[in-house]
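Engineer: Here's a sequence, model it:
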Amino acid sequence: MTNITKQQIIHIAKLAKLKVSEKEIAKFQEQLSNIIEYVSELDKADTKNVKPISQITGLLDTKREDLINKKDCLTLEEALSGTENTHNGYFKVSAILEK
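Structural biologist: You can find the predicted model right below:
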C-alpha cells in the first residue's frame, strides 16, 4: 500500500488553501493512499504495442470563412444615432479608471 505522509497531506491542504484537523489528516492519508494504489494498477497494463492517441472519434477541426453580412450590421451613423455623447466615432462615457 502506498503511504501518504502527514506532511504531504498538510502540504496538499495548504496548496488547496484548506484548513484540516488532525482527524481529517488521518482520514485523507488513508483515502489518498487508496486512490494512488488503485491508480497504480494501470502500471500493470501492457501498452507496448499501443499507439498514443489524443482522441478517438476521428473528427477534425473544421473551419469556415468568416464572412460579414453587411445587411446584419449597423453603419457607424446608425450605431451612434441613439446618443449625442460621441467623440471621433465612439461613444463617450464617464471615466472608470483614475490616474
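
Engineer: which residues of this protein fall in helices?
Structural biologist: 6-15, 22-39, 76-80 (DSSP state H).

Engineer: Give the rounded mean pLDDT of the longest one.
Structural biologist: Helix 22-39 carries an average pLDDT of 94.

Engineer: what angle do it and helix 6-15 make?
Structural biologist: 100 degrees (axes from the mean of the first three to the mean of the last three Cα atoms, to 10 degrees).

Engineer: For helix 22-39, give me every contacting residue.
Structural biologist: 1, 2, 3, 4, 5, 6, 9, 10, 12, 13, 20 (Cβ atoms under 8 Å, 6 or more residues apart in numbering). (Glycine included, C-beta is placed from N, CA and C.)

Engineer: what does the model give the residue of the chain positioned farthest from its centre for pLDDT?
Structural biologist: Here the centre of the chain is the reference, and by Cα atoms, centre = their mean the most remote residue is residue 84, at 41.9 Å. For residue 84, the pLDDT comes out at 89.
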